[in-house]
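>>> Sharing a model prediction with you, sequence too.
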Amino acid sequence: MQDRVRSVGILGIGSCVPDNIRTNKDLEKMVDTSDEWIIARTGIKERRIADEKTATSDLATVAAKRALEDAGVAAEEIDLIIVATVTPDMFFPSTACIVQSNIGAKNAAAFDLGAGCSGYLYGLTVAKQFIATGMHDKILVIGAEKLSTIIDWEDRNTSVLFGDGAGATVVGPTEDGMGILATSIGADGDGGKHLYMPAGGSRVPSSISSIEQKLHYLKMDGSEVFKFAVRIMSKASLKVLKDSGYGVEDIDYLVPHQANIRIINSAVKKLKLNKDKIHVNLDKYANTSAASVPIALDEAVKQGKIKKNDVVVMVGFGAGLTWGSCVIKWNK
Ligand code: COA
């Protein structure tokens with residue numbers, strides 16, 4: 001359902017990736033893989049890996065400060081912080097509360113949101129409702145991950161796919177008819193078994209045995225996730241376009257979740273979109289889960305690919321299984 005009580009837009013955006021680059025060649029020394037295989041099957045060339053001292057909240061904090069600066073909004077003006085992540089600093093307090101303290105957003109409520117790689121789009125959807133109704137005025141929506149801590153670096157099926165990073169947006173009221181025109185989120189819990197981390201929660205608490213069995217690492221059935229992703233990317237884009245009153249022909253720019261170039265290409269083909277309307281940066285950062293869409297959006301905006309009045313579609317999928325999409329008439 002789309003409400004139009006108050007128009008809501010992205011007022012500022014920022015991102016942060018660690019300096020340390022891990023290339024495919026580096027991975028060749030760690031697992032039985034090759035630069036050629038990774039590029040051909042995924043499009044990924046390198047990813048960023050945070051050092052031991054850096055946690056998810058540290059990346060989120062830098063991204064949040066950059067977004068606030070971009071928006072010209074003071075931390076005290078933020079009244080809600082949502083951090084989408086599957087790699088929180090710890091179970092509690094929430095990473096959002098840690099970010100609140102780091103940036104001095106004294107007047108903000110704060111919570112984490114778990115929707116896998118769709119987390120940022122889920123967060124944007126929540127923020128839009130709160131602002132549209134007047135319940136909140138300025139919300140920081142952040143996607144942040146230190147996935148390198150839940151990757152089994154001896155597993156070639158998963159280790160080549162992921163990286164660390166954070167992206168943040170300040171969301172607030174905007175001029176009528178501009179900003180987030182429609183959002184759509186969905187889930188298929190039956191598919192949860194295809195992408196999950198078995199231990200560390202209440203089902204399999206941490207123990208010597210859970211660690212010995214490597215149950216604290218991400219497990220994935222790559223081909224099942226691939227099939228789901230190919231199906232959902234175009235479907236979720238078309239659904240939200242219909243809700244917004246626009247069609248594929250109206251899209252000026254599409255920012256997809258950066259998981260695999262073959263998934264993006266298949267969506268582009270199904271939507272019959274021109275390839276230069278799509279933002280791709282997975283070659284540099286790999287899949288940063290909830291951070292992937294806001295990092296890509298930040299890059300696209302900074303590169304001047306998105307301008308005021310452009311119709312921008314964002315779409316993603318992830319663990320859950322979940323998906324999310326939105327249409328924005330760019331308001332900045
Ligand atoms: N290097 C070399 N070979 C590898 C490899 C690697 N890093 N990873 C897997 N392989 C091997 C497999 O073992 C398999 O070998 P086999 O045929 O001898 O068993 C072969 O390559 C082909 O594997 P397959 O699974 O068919 O490859 P694929 O083309 O489906 O690509 C993925 C695998 C993981 C890249 C792909 O399925 C994918 O991207 N899935 C979606 C993952 C995703 O997006 N996850 C995040 C969701 S938010």
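Perfect, thanks for sending it.

>>> all contacts plus neighbour counts: C-alpha atoms, from now on.
Noted.

>>> got the residues of this protein near the ligand?
Counting by C-alpha under 6 Å from any ligand atom, the chain comes close to the ligand at 33-34, 37-38, 41-42, 117, 156-157, 160, 222-223, 225-226, 259-260, 317-318.

>>> buried subset of those?
The neighbour count (16 or more other C-alpha atoms under 10 Å) marks 33-34, 38, 42, 117, 156-157, 160, 225, 259-260, 317-318 as buried among the residues of the chain next to the ligand.

>>> Filter those down to just the ones in helices.
38, 42, 156, 157, 225 (DSSP state H).

>>> which of the residues you listed lies closest to residue 134?
residue 225 (37.8 Å; C-alpha to C-alpha).

>>> In contact with the closest one, which residues?
Neighbouring residues of residue 225 by C-alpha atoms under 8 Å, 6 or more residues apart in numbering: 194, 195.

>>> for this structure, which spans come out with low pLDDT?
Where the chain drops to pLDDT under 70, the residues are 1-4.

>>> domain ranges for it?
8-177, 181-329 (automatic domain parsing).

>>> most neighbours per residue, which of these?
domain 8-177 (a mean of 22; mean count of other C-alpha atoms under 10 Å).

>>> Quick check: end-to-end length of that one?
Terminal residues of domain 8-177 are spaced 9 Å apart (C-alpha to C-alpha, to the nearest Å).

>>> what separates it from the chain centre, distance-wise?
Offset of domain 8-177 from its chain centre (C-alpha atoms, centre = their mean, to the nearest Å): 6 Å.

>>> Could you report the distance from the residue nearest to residue 306 when sequence neighbours are not counted to the ligand?
In space, and not counting its chain neighbours, residue 306 is closest to residue 300: 6.3 Å by C-alpha to C-alpha, 6 or more residues apart in numbering. Here residue 300 is placed at a distance of 21 Å from the ligand (C-alpha to the nearest ligand atom, to the nearest Å).

>>> Next: residue 90.
As for residue 90, its distance to the ligand is 21 Å (criterion: C-alpha to the nearest ligand atom).

>>> Mind listing the residues bridging to residue 255?
With DSSP bridges applied, residue 255 shows beta-bridge pairing to residue 314.

>>> So which residues of the stretch 151-300 of the chain form strands?
All strands of the stretch 151-300 of the chain, identified by DSSP state E, counting those that start in this stretch, fall at 164-173, 179-187, 195-196, 219-220, 253-256.

>>> ok, residue 248 touching residue 270?
No. The pair residue 248 and residue 270 does not pass the contact test of C-alpha atoms under 8 Å, sitting 10.6 Å apart.
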